[in-house]
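1. kindly return the folded structure for what I paste below:
(one chain, ligands or ions: 2)
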Amino acid sequence: MKIAVIGAGAMGGAVASGLCAAGCDYKITVSNPSAGHLKPLKEMGIAVTSDNTVAVRDADIVILAVKPWIIESVIAEIRPVLDYSRQTVAAIVAGVPGRQLCEWFLKDSELPQLMIVMPNTAMEVGSSMTFIVPVNAGEASVSAVEGIFNSLGTSMVIDEAHLPAATALASCGIAYAMRYVRASVEGGVELGFKASQAQQIVLETLKGAVALLQRPGSHPESEIDKVTTPGGLTIRGLNEMEHAGFTSSVVRGLKACVK
Ligand SMILES: NC(=O)C1=CN([C@@H]2O[C@H](COP(=O)(O)OP(=O)(O)OC[C@H]3O[C@@H](n4cnc5c(N)ncnc54)[C@H](O)[C@@H]3O)[C@@H](O)[C@H]2O)C=CC1
Ligand SMILES: O=C(O)[C@@H]1CCC=N1
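-> Numbers count the residues shown, from 1 in each chain. Ligands and ions are numbered 1, 2, ... in the order given. Have a look, this model is predicted:
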């Protein structure tokens, strides 16, 4: 299967390099106006070009990975050469509704197989939580796009109404998770560990928490109950974090992200 990736930044670069690193059998061409982002991809053996129309011409699946304010002009550029009878478009773009993409893609009253895809930066390491929103897409094209993003982590097909929440939790959420790690490391340094040791401790602890929660029937509150000895140390820390607004600030941050 041939894939064209338009835009070689954080998302487009991670799709191409992630698929290559996973040893997938896709023939990938990446296009980007400047050469800087293309160089490492070329060194991995990926075909590169600065011409978007060249990249999309032979592709079975076209992945758009440009900023939201650029996507309209990129669609206008590639629309004349796209063959809607055989090509699927997956748009990685935040905050652009499906109906707007349809308006930009419309050609002779036709649309391509079209979906919005929302991954996160962990594609780089094959661990993205990715959402797929079919906008104008049948089962075969959705399953082809699922195949791509399952090679880069885990994917979930959702409806467009859930996309803002999904974006907040997972695509932006990876930054929120990093901020928890950074805060814990800073606390660990104040308590006497070197930053590198504190980071290792925090990451191993998070790995343990994830493994505990991934067991069937597991719940964060019951895991917390096992840690909080009555009158003990853990509950003092937890209550102090809640006095400072921990849960509330996370919920408010997610809601602000969706607004
Ligand atoms: N960065 C993230 O964590 C996430 C980003 N997204 C979405 O992914 C899309 C891409 O974002 P990033 O990769 O972060 O942006 P980026 O700025 O890292 O990459 C965009 C790339 O597009 C290239 N570009 C600019 N004009 C172009 C054109 N006319 N033709 C082809 N390429 C062109 C730029 O040179 C750049 O390499 C955005 O729409 C964003 O909303 C979605 C989920 C997560
Ligand atoms: O911050 C943003 O707008 C993009 C969308 C999801 C993650 N980064």
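
2. break the chain into its domains for me.
-> Annotated domains of the chain cover 2-159, 173-258 [automatic domain parsing].

3. from the centre of this structure, point out the most distant residue.
-> Taking CA atoms, centre = their mean, the residue of the chain most remote from its mean C-alpha position is Gly231, at 41.5 Å.

4. tell me the phi and psi of it?
-> The phi/psi pair for Gly231 (degrees, to the nearest 10) reads phi 70, psi 10.

5. can you count the residues close to the residue of the stretch 151-259 of the chain found nearest ligand 2?
-> Closest residue of the stretch 151-259 of the chain to ligand 2, CB to the nearest ligand atom: Ser171 (3.7 Å). (C-beta placed from N, C-alpha, C; glycine too.) If you count neighbours by other CB atoms under 10 Å, Ser171 ends up with 23.

6. and if you look at Ile75?
-> 20.

7. show me the strands in the protein, by range?
-> In the chain, the strands defined using DSSP state E lie at 2-6, 27-31, 47-49, 61-64, 88-91, 113-118, 128-136, 153-157.

8. does anything pack onto the shortest one? Which helices or strands?
-> Packing partners of strand 47-49 (3 or more CB pairs under 8 Å, 6 or more residues apart in numbering; DSSP states H and E): strand 27-31, helix 38-43.

9. what does the stretch 151-259 of the chain put close to ligand 1?
-> Ser171 (CB under 6 Å from any ligand atom).

10. low-confidence ranges in the stretch 101-250 of the chain?
-> Judged against pLDDT under 70, the stretch 101-250 of the chain has no low-scoring part.

11. got the contact list for whichever residue of it sits closest to ligand 1?
-> Nearest residue of the stretch 101-250 of the chain to ligand 1, counting by CB to the nearest ligand atom: Ser171, 4.0 Å away. Counting by CB atoms under 8 Å, 6 or more residues apart in numbering, Ser171 touches 94, 118-120.

12. among those residues, which are in reach of ligand 2?
-> Within the set of the contacts of Ser171, contact with ligand 2 (CB under 6 Å from any ligand atom) is found for Ala94.
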